[in-house]
Every structure is written in structure tokens, then in C-alpha cells.
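Enquirer: Need coordinates for the below:
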Amino acid sequence: MHELSIAQNIVEIVSQSVPANELENVTTIKLKIGEMAGVVSDSLEFGFMAITSETGLENAKLQIEKVPFVFKCNECGKKSGNEFGMTICPLCGGSDTTIISGMEIQVIEVEVREIIEET
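Expert: From the prediction side, this is the model:
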């Protein structure tokens with residue numbers, strides 16, 4: 001289950017981006033995950049909850065945005081996608097293609113609750 005190692009990487013990224021004394025204020029970690037990245041969202045969320053249990057990030061939630069698989073044919077210029085990850089152009093049959101999206105796993109935003117100190 002590689003989702004557990006991905007969850008660990010997410011924790012490391014957040015820990016490097018947020019001061020240690022503010023980790024408990026992280027509310028949401030927004031991700032972009034490509035449809036062809038091979039990540040099972042439920043498994044990722046379960047792994048994240050397991051490794052953040054009883055840590056500063058235990059109340060943080062993952063918010064996952066699925067990114068569609070899209071490629072561009074370098075022969076005719078058409079952009080298209082499919083649910084199988086095949087990169088043969090449906091218009092001209094060309095195989096000289098470039099993947100545009102659908103393979104990424106990105107942390108795009110970390111939301112931190114603002115703490116207002118009373119004076």
C-alpha cells in the first residue's frame with residue numbers, strides 16, 4: 001500500500017511548511033491527485049489518519065481534488081483523455097503525445113486556523 005508512504009510524504013511537506021508549534025492549528029491539507037497517479041483516495045485518507053493520530057496533525061483533514069487525465073497529440077495538436085491512460089490520439093492515431101495532467105500528486109494548500117490571542 002503505497003498510499004501510506006504518500007501520506008508520510010504529505011506529513012513531511014506540511015511539517016516543513018508550518019512551524020512545529022502551529023501544526024495543531026492545521027485544519028485542511030488540499031491535494032491535487034491525477035486520475036492515473038495510482039492513488040486510492042480512501043486508502044490515502046486512512047493512512048493519513050493512522051500516522052497523524054496523537055500528533056499535532058490529528059485534527060487535519062485531507063481535501064482531494066481529482067485531476068483528469070489529459071494528453072496532447074504533438075502531430076495534430078488535439079487535447080484528449082481517456083479512463084485507461086492510453087496516449088494514442090483518437091483523432092489522427094498518432095502516438096507522439098505529451099501528458100498534460102492526470103499523473104500528479106501535489107500538496108497545493110495548507111489551511112491553518114488563526115488563533116486570536118486575548119490581551
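Enquirer: C-alpha only now, for contacts and for neighbours.
Expert: OK.
Enquirer: show me where pLDDT drops low in the chain?
Expert: 1, 116-119 (pLDDT under 70).
Enquirer: Do you have the strands of the protein handy? List them.
Expert: Taking DSSP state E as the criterion, the chain carries its strands at 26-34, 61-67, 70-73, 79-80, 97-101, 105-112.
Enquirer: Among the ones you listed, single out whichever gets nearest to E12.
Expert: In terms of CA to CA, the element of the strands of the chain nearest to E12 is strand 105-112, at 11.0 Å.
Enquirer: for the closest one, packing partners?
Expert: helix 3-17, strand 26-34 (3 or more CA pairs under 8 Å, 6 or more residues apart in numbering; DSSP states H and E).
Enquirer: among those, which is the most enclosed?
Expert: Among these, the stretch with the highest mean neighbour count (mean count of other CA atoms under 10 Å) is strand 26-34, at a mean of 19.
Enquirer: Kindly export stretch 10-23 (C-alpha atoms) in CSV.
Expert: Extracted C-alpha coordinates of stretch 10-23, given in CSV (Å, rounded to 0.1, in the frame of the first residue of the first chain):
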residue,chain,number,x,y,z
ILE,A,10,2.4,14.8,3.0
VAL,A,11,3.1,15.0,6.7
GLU,A,12,6.8,15.8,5.9
ILE,A,13,5.8,18.5,3.5
VAL,A,14,3.4,20.1,6.0
SER,A,15,5.9,19.8,8.8
GLN,A,16,8.5,21.7,6.7
SER,A,17,6.0,24.4,5.7
VAL,A,18,4.3,25.0,9.1
PRO,A,19,6.2,25.8,12.3
ALA,A,20,6.0,22.9,14.8
ASN,A,21,4.1,24.9,17.4
GLU,A,22,1.4,25.6,14.8
LEU,A,23,0.8,22.1,13.5
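Enquirer: That's all I had, so thanks and see you.
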